[in-house]
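> Sharing a model prediction with you, sequence too.
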Amino acid sequence: MTDLSIIIVSWNVSALLKACLHSIGVHDSIEIIVVDSGSSDDTVEMMRSTFPNVKLLAQGDNLGFTRCNNIGLAASSGRYVLLLNPDTEVIGDALEQMIAYLDAHPEVGIVGPHTLNSDGSHQSTRRRFPTLAVGLFESTWLQAFAPTALLDRYYVREQADDATCEVDWVQGSALMARREVYEQIGGLDEGYVMYSEEMDWCKRAKLAGWRVAYLGSARIIHHGGKSSEQANARKHIWFQESKLRYFRKYHGSQAAQSLRLCLLLQYVWQLGIEGAKGLVGHKRELRRERVQMYWQVVRSGLKVS
């Protein structure tokens with residue numbers, strides 16, 4: 001058994017994927033699996049010509065981020081598995097540090113690294129599990145009005161960026177888990193097309209008795225959201241519907257439906273604001289695009305699955 005299996009799900013980000021794979025380098029004890037989710041760019045050709053030793057699982061269609069990660073997990077053999085986004089770059093010995101940390105802390109089932117933005121600034125990737133109040137404010141236009149203490153607790157801001165600490169969950173852009181965790185709780189919940197699937201996975205791991213940690217000394221760069229940028233309206237729908245699925249699973253249907261109504265009202269409000277700005281001639285093309293996007297979200301109804 002290899003030490004580590006790295007699973008990378010890629011969709012139309014060939015250049016970023018190439019940089020990611022170069023940053024990992026060649027290791028005898030690391031297995032790399034790329035699951036291409038029906039890319040229309042040159043990803044498959046690039047992989048076969050530049051990285052012939054990487055296991056490529058090319059899918060004929062875009063099957064979604066979560067399902068493709070499960071395909072990679074099922075094909076993996078490492079005693080640890082790393083879910084890694086294709087728009088990341090590993091810095092130095094980050095992977096070795098994460099492996100060593102898990103080796104030294106058998107009670108920890110999942111660990112995430114210190115993540116940096118493209119410009120080298122800190123990227124927030126560690127969290128506590130959200131309350132219903134957090135769900136109402138987080139990643140909506142109301143976030144600017146949220147109580148500071150509420151979001152400080154959610155984002156674990158009392159800890160230094162380079163600290164090592166226990167958290168509730170870590171972002172799936174770079175998440176390392178023990179094979180025992182995967183074997184005990186199963187793969188990612190495919191009811192989440194994209195977003196919140198790693199929060200759900202960490203929740204299930206913690207309910208099974210495992211701890212989750214953030215390792216501040218291990219660093220990666222995450223350029224951020226390059227696949228989802230290709231589907232802007234769908235990005236909003238996936239994000240909010242995933243949030244609603246999480247709350248339905250762990251807080252009940254009533255809480256999820258209440259949150260759904262609040263989120264839809266927020267999008268209706270944004271739709272009205274952008275429409276009004278467009279009518280008075282303020283950046284009309286931008287307003288038109290936003291009206292179309294918000295209307296698609298409202299029309300979707302934000303289903304609770």
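Yes, it's here.

> going forward, measure contacts and count neighbours with C-alpha atoms only.
Will do.

> can you pull out the strands in the stretch 201-305 of the chain?
211-222 (DSSP state E, counting those that start in this stretch).

> Can you pull the poorly scored residue ranges out of it?
For the stretch 201-305 of the chain, the stretches with pLDDT under 70 are 225-231.

> Contacts only, for Leu215.
98, 111-114, 162-165 (C-alpha atoms under 8 Å, 6 or more residues apart in numbering).

> List only those of those flagged as buried.
98, 111-114, 162, 164 (16 or more other C-alpha atoms under 10 Å).

> Identify those among the contacts of Leu215 that sit within helices.
Applying DSSP state H to those, the entries found in helices are Met98.

> ok, for Gly224, nearest residue in space, not its chain neighbours?
Asp87 (6.4 Å; C-alpha to C-alpha, 6 or more residues apart in numbering).

> from the buried ones among the contacts of Leu215, which is closest to Glu274?
Of all the buried ones among the contacts of Leu215, Glu274 sits closest to His114, with 36.7 Å by C-alpha to C-alpha.

> How about the contacts made by the closest one?
Contacts of His114 by C-alpha under 8 Å, 6+ apart are 122-123, 125, 161-162, 214-220.

> can you tell me the distance between the two ends of stretch 63-82?
Stretch 63-82 has an end-to-end distance of 20 Å (C-alpha to C-alpha, to the nearest Å).

> list the buried ones in that stretch?
Neighbour-count burial for stretch 63-82, with 16+ other C-alpha under 10 Å as criterion, is recorded at 64-73, 76-78, 80-82.

> model confidence over that stretch, on average?
Stretch 63-82 carries an average pLDDT of 96.

> Find the nearest non-adjacent residue to Met199, please.
Using C-alpha to C-alpha, 6+ apart, the nearest residue to Met199 is Trp169, at 5.7 Å.

> Neighbours of the one you found, how many?
Look at Trp169: counted by other C-alpha atoms under 10 Å, it has 27 neighbours.

> now Glu107
12.

> For it, grab phi and psi.
phi -80, psi -10 (degrees, to the nearest 10).

> Same check on Phe51?
Torsion angles, degrees, to the nearest 10, at Phe51: phi -130, psi 60.

> what about the helices in the stretch 101-250 of the chain?
132-137, 148-154, 179-185, 197-207, 232-251 (DSSP state H, counting those that start in this stretch).

> which one's the longest helix in this structure?
Per DSSP H, the chain has its longest helix at helix 253-279.

> what comes up buried for that one?
For helix 253-279, a neighbour-count test (16+ other C-alpha under 10 Å) marks 253, 256-257, 259-260, 263-264, 266-268, 270-271, 274-275, 278 as buried.

> do stretch 239-247 as well
Neighbour counts over stretch 239-247 (16+ other C-alpha under 10 Å) mark 239-247 as buried.

> now swap in stretch 292-305 and tell me
For stretch 292-305, by 16+ other C-alpha under 10 Å, it's 293-298, 302, 304.
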